[in-house]
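1. with the sequence up front, the predicted model follows.
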Amino acid sequence: MPSDIVYWFALILLLYLSALGYGLCVLSWLKLAPHNTPMYIIYASGIGYGTTAYLIFILGILQVLYAGSAYPVLILGLVALCYRRQDLRSGMQKLFKDIAQVTGPRFSIDRWAWLFFICLFIILNLSITLTPPLSKDALIYHLVGPRLFIQNHGIGFVSGNFYTNFPFTTEMLFTLGMLLQGPILAKLIHFSFGVLTLVAIFQWTAAKSSVSTGLLAAAVYYTLPLVAKLSGWAYIDLSLAFFVLIMIIALLHWREFHHKGFLALAGVFGGLAMGTKYSGILMVLVIILGALLFFTKGNRMGARAVRVFLIAAVVASPWYIKNWVLTGNPTYPFLYPLFGGREWSQEMAKTYAMFLSFVGSGPGILNYLRLPWDICFVGGGTRPDFDGFIGPIFLLVPILSVAVRPKSVEIRFMLFFSLLYFILWGMLIQQLRLLFPILPILSIVLALLIYKSPQAWLRTRSCILYFCLFTFAINTYFYLDHFRRIAPYKYLSGIQSEAQFLRSHLPSYTAIEYINHHLTDRDKVLFVFLVNGLYYCKRPYVYDPVFEANTFMDAIKASTSAREALAHLREKGITHILINHDYVSSIASILGERHREKLFKLMGLLSPQARFRNYRLYRVAERS
């Protein structure tokens, strides 16, 4: 196991350096050099990751996704890094100079406190990152999509899993990671975006205020419970937050230095955000609106804003064109009434919209008003949760904004973006991860408001800093509970094998393990309410993400008898069904009186093969 860890670290370092090489070349082409570009390495890292992702996308479109074609991408980036080695040396010197200020000659208790929590969470997050993936969405599509693309040696339409037609920029990096090693490298790539965001927050905030302010902003962000959990998962939210943050910082650097290269960078990072998640479109539009309101007035600013959006649209366009070609809908599966879509229907669109509407506090004036409280403390109140909570610290932002009344354009611009996007988020889909990209922005704003408060507030500022320290301690307590449940040290120390680790955390894994060992590639399993673990199935399968039992229920609805439903399933090539029996009553209630009797007769007809806790594996053959 220790040798594997060294190998994983070596691979993520090579991948990062390769991406950095591409980024340095792009910055040179934009005439941005270390001497005239703040945060030079951060910009190069983001551009490099984006370039690498699109190179893998091109390989996928050309249907040449092989390990042999991935290595040239890696090697070419390293060659570019050697070519731009002088820029690399200068950029790294500036970066290390900024970081060295953290432990400067002036001793500060608050500075060391913020640094302690940052280092603690980096270690805890990295430990979980190095374990086999467990998170639901990663095992349904963030890793499943790349694995299917690798198996097929190219990007194409994935029948039955509509998630794989979302914008997949970050997943292209996961694809490269899985070509080179596997899912651990994919998780490390996502983890690295969290660290890059951490460094970006520190560098920009420290430059605008002080080292202590930069450390506080970084600590506020990185110790948030949601950030800590996502750092150990193969999701895309950390990369999206990074792209949005750097787009905003690029616009602020353009306002300060008037170098048109920063406008191009803002457009590119906006495009990477739009190519990572559909919600990136809304974020980019809100950012551009904020720039129009708070930056230089006049027609020239309007023309520049249009230019930024056009660059963003061009960068993101490959994903939307790909969707249009493969599904007939550039925003598949959304906007179905306008575009339609392959393997989608009006009924599925309504069901999915209903599913999304039940996330969060729900609509209504009172629910909207309590949203800030819910996301900080409750995680959804009486409604299904927001998939996490962020803790109480951001409740300080509106209080301090009213009390301090900041005149800084940077702070007002960031507050505008955060507030408007929060309002739109509350009116649309109240899933906390969709709100995630404003958290780095609010972390910066909060730190600046605290440390830039008037001198007369010295005692009040001390109380606020103690409150921040208290919230960090509370966040640590909650995260340590999560850490204890995952217990990564058991896997990393070799006490548990990979299979033992997965069995202890995924209820479905024992059943999937049985399927992998006892079924063949000629079989096809229908999963009914699998809930989690799809990535680990190595045999052909049918799976309905979100709907969970659509194929099963459609066979029952389309039949006049249980035997006819059985025949429908056989016609689809299904040889086995794995059913989570905890949800059989839910299926019966969804089907209603008309089809309920057929459901139970069909269950009686199926031939039981194996039982695993609440899961049952059946053969699609009549019981003898």
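-> Good, I have the coordinates.
2. buried sites along the helix or strand hosting residue 500?
-> According to DSSP states H and E, residue 500 maps onto helix 498-505. Across helix 498-505, burial judged by 16 or more other CB atoms under 10 Å covers 501, 502, 505. Backbone N, C-alpha and C define where each C-beta goes, glycine included.
3. if I pick the last one, what's in contact with it?
-> Translated: residue 505. 134, 486 (CB atoms under 8 Å, 6 or more residues apart in numbering).
4. residue boundaries of the strands in this protein?
-> 525-528, 541-542, 576-580, 606-612, 615-622 (DSSP state E).
5. could these be laid out in CSV, adding mean neighbour count?
-> Shown next, in CSV, are those (neighbours: other CB atoms under 10 Å):
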stretch, mean neighbour count
strand 525-528, 25
strand 541-542, 20
strand 576-580, 23
strand 606-612, 15
strand 615-622, 18
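6. worst average pLDDT in the ones you listed?
-> Mean pLDDT values for the strands of the chain show the minimum at strand 615-622, a mean of 87.
7. okay, helices next: where are they in the stretch 201-350 of the chain?
-> All helices of the stretch 201-350 of the chain, identified by DSSP state H, counting those that start in this stretch, fall at 211-222, 225-231, 237-257, 260-274, 279-294, 299-327, 336-339, 346-357.
8. for residue 59, find the nearest of those helices.
-> helix 299-327 (12.7 Å; CB to CB).
9. angle of the closest one against helix 260-274?
-> 30 degrees (axes from the mean of the first three to the mean of the last three CA atoms, to 10 degrees).
10. can you list the weak-confidence ranges in the stretch 201-350 of the chain?
-> Within the stretch 201-350 of the chain, the set of residues satisfying pLDDT under 70 comprises 297-299.
11. run the last query once more with 80
-> The model of the stretch 201-350 of the chain has pLDDT under 80 over residues 296-301.
12. then the stretch 401-550 of the chain?
-> The model of the stretch 401-550 of the chain has pLDDT under 80 over residues 452-459, 531, 546-548.
13. nearest to residue 409, out of the helices of the stretch 201-350 of the chain?
-> helix 279-294 (5.5 Å).
14. can you show me the helices along the stretch 351-500 of the chain?
-> For the stretch 351-500 of the chain, helices defined by DSSP H, counting those that start in this stretch occupy the ranges 365-373, 396-404, 409-427, 432-435, 438-451, 458-486, 488-492, 498-505.
15. need the contact list for residue 524.
-> 539, 540, 541, 542, 572, 573, 574, 575, 576.
16. CSV please, covering those and showing distance to residue 402.
-> What follows is the contacts of residue 524, written out as CSV (distance: CB to CB, whole Å):
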residue, distance to residue 402
539, 59
540, 59
541, 55
542, 55
572, 60
573, 63
574, 60
575, 64
576, 61
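17. taking helix 458-486 as reference, get the angle to the helix holding residue 500.
-> 110 degrees.
18. ok now helix 498-505, how far from the chain's centre?
-> Distance of helix 498-505 from the chain centroid (CA atoms, centre = their mean, to the nearest Å) equals 24 Å.
19. what's the closest of the helices of the stretch 201-350 of the chain to residue 496?
-> Of all the helices of the stretch 201-350 of the chain, helix 225-231 comes closest under CB to CB, at 20.8 Å.
20. elements contacting that closest one?
-> For helix 225-231, the packing partners by 3 or more CB pairs under 8 Å, 6 or more residues apart in numbering; DSSP states H and E come out as helix 109-129, helix 183-208, helix 237-257, helix 432-435, helix 458-486.
21. redo those helices as TSV? Include distance to residue 410.
-> Converted to TSV, the helices and strands packed on helix 225-231 look like this (distance: least, CB to CB, whole Å):
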stretch	distance to residue 410
helix 109-129	21
helix 183-208	7
helix 237-257	6
helix 432-435	21
helix 458-486	20
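22. mean neighbour count and distance to residue 317 added to those, as TSV?
-> TSV is the format used below for the helices and strands packed on helix 225-231 (neighbours: other CB atoms under 10 Å; distance: least, CB to CB, whole Å):
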stretch	mean neighbour count	distance to residue 317
helix 109-129	18	32
helix 183-208	23	23
helix 237-257	25	16
helix 432-435	23	22
helix 458-486	15	39
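23. closest one to residue 166 among those helices?
-> Of those, the one closest to residue 166 (CB to CB) turns out to be helix 237-257, at 11.7 Å.
24. okay, the strands of the chain in JSON lines with distance to residue 416 next?
-> JSON lines is the format used below for the strands of the chain (distance: least, CB to CB, whole Å):
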{"stretch": "strand 525-528", "distance to residue 416": "45"}
{"stretch": "strand 541-542", "distance to residue 416": "47"}
{"stretch": "strand 576-580", "distance to residue 416": "46"}
{"stretch": "strand 606-612", "distance to residue 416": "53"}
{"stretch": "strand 615-622", "distance to residue 416": "50"}
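25. tell me the phi and psi of the residue nearest to residue 63 when sequence neighbours are not counted?
-> Closest residue in space to residue 63, ignoring its immediate chain neighbours: residue 154 at 3.3 Å, by CB to CB, 6 or more residues apart in numbering. Phi and psi for residue 154, reported as degrees, to the nearest 10, are phi -180, psi 170.
26. gap between residue 154 and residue 186?
-> Counting by CB to CB, to the nearest Å, the gap from residue 154 to residue 186 is 19 Å.
27. out of the helices of the stretch 351-500 of the chain, flag the one nearest residue 211.
-> Of all the helices of the stretch 351-500 of the chain, helix 438-451 comes closest under CB to CB, at 10.4 Å.
28. who are the packing partners of the closest one?
-> By 3+ CB pairs under 8 Å, 6+ apart, helix 438-451 packs against helix 183-208, helix 211-222, helix 237-257, helix 396-404, helix 409-427, helix 458-486.
29. quick one: which of those is nearest residue 516?
-> That would be, of the helices and strands packed on helix 438-451 and by CB to CB, helix 183-208, which comes in at 16.0 Å.
30. residue 13: how many residues sit nearby?
-> When counting by other CB atoms under 10 Å, one arrives at 12 neighbours for residue 13.
31. what's the answer for the one 10 residues further on, then?
-> When neighbours are defined as other CB under 10 Å, residue 23 has 30 of them.
32. try residue 310
-> So residue 310, with other CB under 10 Å, has 12 neighbours.
33. find the nearest non-adjacent residue to it, please.
-> residue 267 (7.2 Å).
34. in contact with the one you found, which residues?
-> Residue 267 neighbours (CB under 8 Å, 6+ apart): 307, 308, 309, 310, 311, 312, 315.
35. among those residues, name the buried ones.
-> 308, 309, 311, 312, 315.
36. list the contacts for the residue lying closest to residue 137 once chain neighbours are set aside?
-> Counting by CB to CB, 6+ apart, residue 137 lies nearest to residue 235, which is 6.2 Å off, once chain neighbours are set aside. By CB under 8 Å, 6+ apart, the residues touching residue 235 are 135, 137, 138, 142, 190, 433.
37. how about residue 462?
-> Contacts of residue 462 (CB under 8 Å, 6+ apart): none.
38. 10 Å - rerun?
-> Residue 462 is in contact with residue 110, counting by CB atoms under 10 Å, 6 or more residues apart in numbering.
39. what distance do you get for it to residue 449?
-> Per CB to CB, residue 462 is found 15 Å from residue 449.
40. measure how buried the residue nearest to residue 63 is and give me the count.
-> 15.
41. doesn't residue 62 make contact with it?
-> Yes - using CB atoms under 10 Å, residue 154 is in contact with residue 62, at 7.1 Å.
42. and for the closest residue to residue 504 other than its chain neighbours, the neighbour number?
-> Residue nearest to residue 504 in three dimensions, not counting chain neighbours: residue 496, with 7.1 Å by CB to CB, 6+ apart. Neighbour count of residue 496, defined by other CB under 10 Å: 18.
43. for residue 496, give me phi and psi.
-> Dihedral angles for residue 496 - degrees, to the nearest 10 - are phi -110, psi 140.
44. how near is it to residue 182?
-> Noted for residue 496: a distance of 18 Å to residue 182, by CB to CB.
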